[in-house]
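J.: Mind looking at a prediction? Sequence and model below.
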Amino acid sequence: MPLSPDGRPLADFGSRLLAYMIDVGILSAITMVVSLPFLLWFVFSWTSEMSELTDPYSGTDPFAAYDRMFTGYFVPFLLMELGLIVFLMVAYYIYAVEMMFRSGQTLGKKLIKVRVVPLEPGATLTRGMAAKRYLVEFVGGMVVPLFSYLDGLWQLWDKPYQQTLHDKVAKTVVVKVAP
């Protein structure tokens, strides 16, 4: 069994993946609760607007209808998406960085009994380390296609500490917590 520099057993790929899936499930549920009311309002207001614009007997100028559709549908939809992305980045930051900084664990990691610790023995996990993990894992994954897969799978061939790319940047490892 591979060990961290301070002698604790490292978390295996399956444990880390399961903890990640639990965290994604929690964050997805929060996202749905927050975004569903906006999405429903948007869809219902858009369908009523579209029925009015597409009525052939309304006498609406087609170019004016397209202009209304662009400013009344497309631009607000993009703004709603932008707001959702900003909200998600802030929510993920609070969840991933602040929870990790306080205990080295998110809820998924607590349930699976793994913890993030600094690579250097005796050091404490700093907010900067947790923020570096967040920047590489989430922001890098949003910007670079397929980066999240490469990042997560990196631990399968990394020796000796089974680190992902976000672990390497932050100089952390994930260890098993005694039951």
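T.: Cool, got the structure.

J.: Tell me which helix or strand in the protein has the weakest average pLDDT.
T.: helix 62-69 (a mean of 68; mean pLDDT, DSSP states H and E).

J.: Output the following helix or strand past that helix as PDB, nothing but the C-alphas.
T.: Using DSSP states H and E, the helix or strand that follows helix 62-69 in sequence is helix 75-93. This file holds the C-alpha atoms of helix 75-93, laid out as PDB (Å, rounded to 0.1, in the frame of the first residue of the first chain):
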ATOM      1  CA  VAL A  75     -29.700  38.200 -24.400                       C
ATOM      2  CA  PRO A  76     -31.600  37.400 -21.100                       C
ATOM      3  CA  PHE A  77     -30.800  33.700 -21.600                       C
ATOM      4  CA  LEU A  78     -27.100  34.500 -21.900                       C
ATOM      5  CA  LEU A  79     -27.200  36.700 -18.900                       C
ATOM      6  CA  MET A  80     -28.900  34.000 -16.900                       C
ATOM      7  CA  GLU A  81     -26.300  31.500 -17.900                       C
ATOM      8  CA  LEU A  82     -23.500  33.900 -17.000                       C
ATOM      9  CA  GLY A  83     -25.100  34.500 -13.600                       C
ATOM     10  CA  LEU A  84     -25.400  30.700 -13.100                       C
ATOM     11  CA  ILE A  85     -21.700  30.200 -13.900                       C
ATOM     12  CA  VAL A  86     -20.600  33.000 -11.500                       C
ATOM     13  CA  PHE A  87     -22.900  31.500  -8.800                       C
ATOM     14  CA  LEU A  88     -21.500  28.000  -9.400                       C
ATOM     15  CA  MET A  89     -17.900  29.200  -9.200                       C
ATOM     16  CA  VAL A  90     -18.600  31.000  -5.900                       C
ATOM     17  CA  ALA A  91     -20.500  28.000  -4.500                       C
ATOM     18  CA  TYR A  92     -17.800  25.600  -5.600                       C
ATOM     19  CA  TYR A  93     -15.200  27.900  -4.100                       C
END
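
J.: packing partners for helix 75-93?
T.: Where contact means 3 or more C-beta pairs under 8 Å, 6 or more residues apart in numbering; DSSP states H and E, helix 75-93 is packed against helix 13-53, helix 127-134. Glycine gets a C-beta too; all of them are placed from N, C-alpha and C.

J.: That'll do, ta.
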